[in-house]
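[1] When you get a sec, could you give me coordinates for this:
(one chain, ligands or ions: 1)
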Amino acid sequence: QEDKFKNVISHAKEYGYVFQSSEIYDGLSAVYDYAQNGVELKKNIREYWWKAMVQMNENIVGLDSAIFMHPTTWKASGHVDAFNDPLIDNKDSKKRYRADVLIEDYVGKLDAKIEKEVAKAAKRFGESFDKVQFLATNSRVVGYKEKGDAILKRMGQSLEKEDLADVKALIEELEIACPLSGSRNWTEVKQFNLMFGTKLGASAESAMDLYLRPETAQGIFVNFLNVQKTGRMKIPFGIAQTGKAFRNEIVARQFIFRMREFEQMEMQFFIKPGTQKEWYEHWKEARMKWHLSLGMGEDNYRFHDHEKLAHYADAAADIEFRFPFGFKELEGIHSRTDFDLKAHEEFSGKKLQYFDHEENKSYVPYVLETSIGLDRMFLAVFSNSLQEEELENGTTRTVLKLPAVLAPTKAAILPLVKKDGLPEVARKIMEDLKWDFNVTYDEKDAVGRRYRRQDANGTPFCITVDHDTLEDDSVTIRHRDTMEQKRVKISELKDIISEEVSM
Ligand code: ATP
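    Alright, predicted model coming up:
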C-alpha cells in the first residue's frame, strides 16, 4: 500500500499532474501546484460537479464570493473560537503532533500488534484465529486500543477544556504500551486555531485583521438573501460555489489529501425548518450517485455517519473513499439547521429571513450542505486510476484509467511514420478535432511506445494515421482500456470520441 501511494506521487510528478510548490527552493510543505495535465483534470472534475449541481438543477444557482470576508464573519460562524486542532509537543524531540492523529497512529500500531500476536498464538496452539482473538480481547494491549478509540470519538470538533488533560494522560500511557516517538516527555495539550491571519490596509493603526477563509460556505450564507431576492428563488433552493480555502494544517502529510491551500466545492441548500431529515437523505443519495456515475467501483465508497456532531449540525455523514492509505473522508453532508444564518443575523443586526408565500410567514431557513474537496477528489480519481497491468505477452504496462469524461487529453493523433505525407494528414485531423476536444499530436518514437506513453498519461483514444489512410480516409482508433484497435473513417471520429468523453 505504501508503495502504491509512492507510485501515485511519483507518477503525478512524472506525467505533469502535480508538482511540489516552489520546488526549486526545496518546496513548501502541504502546498502543491497543478501542472499541465493536472490543471485539466482538476478543471474537468470541477465542471463535472458544477454540471451535476447547477446546470441539472433548476433550483440551484452558482456564486463566486471573495476569499477575504469581513472579520466578524468568522466570529459568527464559530471559527474564531472553535476551529482548533489539539496539539502536543514532545519536549525531547521538539516535534509537534496533532493529538488526535498521534493517537490514531498509536491505535493503528496497537491494531497491528494485536493481529500479529493473535496469529502467532493461533499457530502455536493450533486454534482458529477467531478463537484466539476472542480469548485475547481481555489483554492489556486491547484495553489500550479501546481507550484510544474511545478518546478519538470524543475528540472531533467539540473537545472540551477538561478533555485535554485526559488526552495527554492517554498519550503518555500509549507511549509506554507501544513506543512511537521514543520519548515520554510531553507538554500539555493546547488548542491551535487553523485560520491564517493577514492584514488589510496600509497604516499600522488603521489596518484590519483578516483571515483567509477556511471554507467557502460562509460566502454563501452572507449572500443568501441577495441571491434569493435577485434570483427570485423559492425555497427549497441551493447556492453552489467552488473556490480556494486555507487551513494551517499541522499534520501536513498524505500528498494532496491534506493541504494548507486547497479548493472546495460546496452547496448550501435552503429548506423549510422541519424538512431537514428528508433533504438530508435526498442529498446523501444524490451525492453518492454522482460518485458512482464515474464508474470507479461501488466497493470503494462507504458512508460514515457521525455520532458526535459539530456544534452547528443535527445530522452529518461522510462519503468515504478507499484511498491508497485506507478509507478516508472525501465529502461531507451536513444538516446545519439555522445555526449559520441565525448567527449572522445576530452578529450583523440584519434580518436573514425568507417570506414563504404558501405559509404566509417569514422564517430563517434550515440548511443542508454538501461539501467536497476538489483536490481530495483529484487524489481519489488519480490514485484509483493508476494501474499496472500484466499483458498476455508477459510484459506489463502502466495505465492511468481515468474516467474518460475527466481525462485531460481525449485523443492523441499519431502518424505511423514521419514521412510520406502522414504528418500532414495527422495535423489536419488534429486541427479539426481540437474545436471539440483537447487533443495532442505525437510523432516521436515507435508507435508502440507512443501508445504506452498515452496509456500512462490517461488519454482514452489513440488515432493512428498510416499509408492506407491516404487511400481511403480511414484511421486506426485504439482504446486505452481494452487496447482494442478498430478501423474507422476520419469522418466518424468526432462521434466515436464524443460518445465516451461528453459529460
Ligand atoms: P478532515 O477531518 O479530513 O480534516 P474536515 O472534516 O475538517 O476534514 P470539512 O471541514 O467538512 O472537512 O471540509 C469539507 C471537505 O473539504 C472535506 O471532506 C475534504 O474533502 C476537504 N478538505 C478539508 N480540509 C482539507 C485539506 N486540508 N486539504 C484538502 N482538502 C480538504
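
[2] Show me what from the chain comes close to the ligand.
    215, 247, 249, 258-259, 262, 264, 329-332, 371-373, 375-376 (CB under 6 Å from any ligand atom). C-beta coordinates here come from the backbone N, C-alpha and C atoms, glycine included.

[3] just the residues you listed now: which is nearest the ligand?
    Top of the list for closeness to the ligand, among the residues of the chain next to the ligand and by CB to the nearest ligand atom, is G373 at 2.6 Å.

[4] From the residues of the chain next to the ligand, which one has the minimum pLDDT?
    Between these, the one the model trusts least by pLDDT is E249, at 91.

[5] what's the distance between that one and H334?
    When CB to CB, to the nearest Å is applied, the distance between E249 and H334 equals 20 Å.

[6] now swap in A35 and tell me
    Using CB to CB, one gets 33 Å for the distance from A35 to H334.

[7] So for those two, which sits in the more crowded spot?
    H334 (24 against 15; other CB atoms under 10 Å).

[8] correct me, but that one touches D340?
    No: counting by CB atoms under 8 Å, D340 is not a contact partner of H334; they are 10.5 Å apart.

[9] which residues do these two both contact?
    With contacts taken as CB atoms under 8 Å, 6 or more residues apart in numbering, the residues that reach both H334 and D340 are Y312.

[10] Lowest-scoring secondary structure element of the chain by mean pLDDT?
    Lowest mean confidence among the helices and strands of the chain (mean pLDDT, DSSP states H and E): helix 129-136, at a mean of 70.

[11] What is the following helix or strand past that one packed up against?
    On the C-terminal side of helix 129-136, the closest following helix or strand by DSSP states H and E is helix 140-155. Here helix 140-155 is seen to pack against helix 99-125, helix 161-177 when contacts are counted using 3 or more CB pairs under 8 Å, 6 or more residues apart in numbering; DSSP states H and E.

[12] can you give me the angle helix 140-155 makes with helix 161-177?
    Per axes from the mean of the first three to the mean of the last three CA atoms, to 10 degrees, the angle that helix 140-155 makes with helix 161-177 is 150 degrees.

[13] roughly how far is helix 140-155 from the heart of the chain?
    Averaging C-alpha positions (CA atoms, centre = their mean, to the nearest Å) puts helix 140-155 28 Å from its chain's average.

[14] Offset the numbering so it begins at 48, please.
    Fine by me, first position is 48 from now on; the one you just mentioned is helix 187-202.

[15] and the angle for it with helix 146-172?
    Inter-element angle recorded for helix 187-202 and helix 146-172: 150 degrees (by the same axes, to 10 degrees).

[16] domains for this structure, by residue range?
    In the domain annotation for the chain, the residue ranges read 85-114+259-430, 132-240, 456-548 (automatic domain parsing).

[17] Any idea which of these gets closest to K246?
    The stretch from those with the least distance to K246 (CB to CB) is domain 85-114+259-430; that distance is 11.6 Å.

[18] now do the same end-to-end measure for that closest one.
    Using CA to CA, to the nearest Å, one end of domain 85-114+259-430 lies 13 Å from the other.

[19] What of stretch 346-359?
    With CA to CA as the measure, the ends of stretch 346-359 fall 31 Å from one another.

[20] Just the buried residues of that stretch, please?
    Of the residues in stretch 346-359, those with enough neighbours to count as buried (16 or more other CB atoms under 10 Å) are 347-348, 357, 359.

[21] Which single residue in the stretch 448-550 of the chain comes nearest to the ligand?
    Of the stretch 448-550 of the chain, the residue with the smallest distance to the ligand, taken as CB to the nearest ligand atom, is L453 at 16.9 Å.

[22] so what's that residue up against?
    88, 91-92, 95, 341, 428.

[23] ok, 6 Å please
    Residues near L453 by CB atoms under 6 Å, 6 or more residues apart in numbering: 88, 91-92.

[24] and R369, which of the helices and strands packed on helix 187-202 is closest to it?
    In terms of CB to CB, the element of the helices and strands packed on helix 187-202 nearest to R369 is helix 146-172, at 16.3 Å.

[25] ok, back up a step: now the weakest link among the helices and strands packed on helix 187-202, please, by mean pLDDT.
    helix 146-172 (a mean of 84).

[26] how about that one: buried residues?
    146-154, 156-157, 160-161, 164-165, 168-169.

[27] Would you state the helices of the stretch 398-547 of the chain in chain order?
    Taking DSSP state H, counting those that start in this stretch, the helices of the stretch 398-547 of the chain run over residues 421-432, 469-480, 494-504, 514-519, 540-548.

[28] Check those helices for me and report the most buried one.
    Between these, helix 421-432 has the highest mean count of neighbours, a mean of 23, where neighbours are mean count of other CB atoms under 10 Å.

[29] Quick check, A427 in contact with R369.
    No: when contacts are counted by CB atoms under 6 Å, A427 is not listed as touching R369 (8.6 Å).

[30] burial count for A249?
    Taking other CB under 10 Å as the criterion, the count of residues near A249 is 7.

[31] Which secondary structure state does it sit in?
    Classification of A249 using DSSP: H, G, I helix; E, B strand; the rest coil returns coil.
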